[in-house]
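Engineer: attaching a predicted model along with its sequence, questions to come.
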Amino acid sequence: MKVAIYGVGRLGSAVAYTVMREIKPEEIQLIDIEKRFIRGEKVDLENAAKILRVPTEITLKKSHTDFSIICAGRPRSRIDEDVYFHNMRIVTSIMKDVTSPRVIIMTNPVREITLAIQKRYPKKIIMNPEIFLMAARKYQDDIAILRTKGFSSWGPAASVVPLIRRMENDKK
């Protein structure tokens with residue numbers, strides 16, 4: 001299996017690590033507009049793979065993948081009403097380059113962006129892992145994370161794992 005991760009900031013990095021560790025794909029492609037930063041992230045993930053003895057190749061080259069996971073965009077904020085429009089432009093731009101048949105949307109607001117992208121690309125399987133995250137999280141947890149940390153990454157990253165497994169099983 002090959003996986004592309006678009007947007008390798010705080011969330012995308014956590015997703016890349018979690019997918020590498022739990023799914024162990026043949027290849028993870030890191031795609032981001034910040035080229036200098038992404039080279040460092042690649043080396044860091046390669047080191048983690050070696051230490052953990054995970055045979056996943058980490059690359060910066062784009063090619064056809066089985067899954068694309070879109071994490072790019074501005075983080076969610078309770079006062080930022082513009083985040084949907086800003087992030088929708090980013091996700092729409094990324095989708096023009098996506099060749100994967102299966103796409104996982106992680107960009108906030110995840111539900112609204114997923115629905116909009118599903119309508120624009122009806123031939124692709126487009127999902128988000130919200131059901132897995134919400135099953136584990138209470139509303140108070142969400143508020144506490146945002147108040148103290150300002151963003152959430154590890155819970156959403158972990159929620160990708162059961163979604164990929166479900167999508168793989170549905171394919172069979």
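Structural biologist: Perfect, I can see it now.
Engineer: shouldn't E46 be in contact with I58?
Structural biologist: Yes. Assessed by C-beta atoms under 8 Å, E46 is found in contact with I58 at 5.1 Å. No exception for glycine: its C-beta is placed from N, CA and C like everyone else's.
Engineer: ok, so what distance separates the nearest residue to R102 once chain neighbours are set aside from I164?
Structural biologist: Nearest residue to R102 in three dimensions, chain neighbours excluded: I125, at 4.6 Å (C-beta to C-beta, 6 or more residues apart in numbering). According to C-beta to C-beta, to the nearest Å, I125 and I164 sit 12 Å apart.
Engineer: how about V15?
Structural biologist: V15 sits 10 Å away from I164, going by C-beta to C-beta.
Engineer: between the two ends of stretch 131-148, what distance do you get?
Structural biologist: 24 Å (C-alpha to C-alpha, to the nearest Å).
Engineer: mean confidence for that stretch?
Structural biologist: For stretch 131-148, mean pLDDT is 82.
Engineer: not including adjacent chain positions, what is the nearest residue to E130?
Structural biologist: E130's closest residue in space is V110 (C-beta to C-beta, 6+ apart), at 5.7 Å.
Engineer: next, the contact list for T18, please.
Structural biologist: Counting by C-beta atoms under 8 Å, 6 or more residues apart in numbering, T18 touches W154, A157, A158, V160, V161.
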